[in-house]
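**Student:** got a predicted model here, sequence first, then my questions.
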Amino acid sequence: MNLEQLNSFSVEQATHTFMQCCTSSTWVNSMVKARPFVDERAIANQADLAWQELTEPDYMEAFEGHPKIGDVSSLRAKYANTKELAGNEQGLVKEANEDVLQVLSQGNADYEEKFGFIFIVCATGKSAKQMSDLLQARLPNNKAQELINAAEEQRKIFQLRIDKALAEG
């Protein structure tokens, strides 16, 4: 898809495209309504602006669109709506040894129990060990700080997905 195609998409097509980047319906609606975009920088700026205007329930909705790190079956089954652009984001996790995956899985369970949402990290280019280390470093935080951290990671993820979608044109 290129910029011209994105701008000319129907509301349904544009909604589907942006939903691949982030599953917050408020964010998606904001992006669809902001069209047409003059250039790719305008898309990135609008994406960040729309993200900053969201509330905690909107963030939680976006977080729900992610598989648990290290849970490959969850990636296939539960989150099919983002798999087009998320397919390779956990590639290095899939290559990890079983011990690291078990630690990562347990850490994610501990994280979700403590904060009420799954561990969100921009996983692109990170090994399972690196993600496990990041998770362990963030576990001592309080919920307010983790919501900020997770929201920033989600922002990085949707920016990468927007870039990827436009590069496929």
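**Tutor:** Yep, it's here. Quick caveat, the model's predicted, so the values are computed rather than measured.

**Student:** in this structure, which segments are predicted with low confidence?
**Tutor:** 68-98, 169 (pLDDT under 70).

**Student:** which stretches of it form helices?
**Tutor:** Along the chain, the segments classed as helices by DSSP state H run 3-8, 11-19, 25-33, 40-52, 56-64, 72-77, 83-86, 91-94, 98-115, 128-138, 143-167.

**Student:** which secondary structure elements does the first one sit against?
**Tutor:** Counting contacts by 3 or more C-beta pairs under 8 Å, 6 or more residues apart in numbering; DSSP states H and E, helix 3-8 is packed against helix 40-52. Every C-beta, even on glycine, is put in place using the N, C-alpha and C of the backbone.

**Student:** can you redo the helices of the chain as TSV with distance to residue 122?
**Tutor:** Supplementary listing: the helices of the chain in TSV, determined by distance: least, C-beta to C-beta, whole Å:
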stretch	distance to residue 122
helix 3-8	23
helix 11-19	18
helix 25-33	16
helix 40-52	14
helix 56-64	13
helix 72-77	15
helix 83-86	11
helix 91-94	12
helix 98-115	15
helix 128-138	10
helix 143-167	4
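
**Student:** dump those into CSV; add mean neighbour count and distance to residue 121 as well.
**Tutor:** Converted to CSV, the helices of the chain look like this (neighbours: other C-beta atoms under 10 Å; distance: least, C-beta to C-beta, whole Å):
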stretch, mean neighbour count, distance to residue 121
helix 3-8, 14, 27
helix 11-19, 17, 21
helix 25-33, 19, 19
helix 40-52, 16, 17
helix 56-64, 17, 11
helix 72-77, 14, 14
helix 83-86, 18, 13
helix 91-94, 16, 10
helix 98-115, 16, 10
helix 128-138, 18, 6
helix 143-167, 17, 5
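
**Student:** ok, and what's touching stretch 14-28?
**Tutor:** For stretch 14-28, contacts defined as C-beta atoms under 8 Å, 6 or more residues apart in numbering pick out 1, 6, 9, 29, 31-32, 35, 47, 50-51, 54, 58-59, 61-62, 64-65, 81-82, 84-86, 154, 157-158, 161-162, 165.
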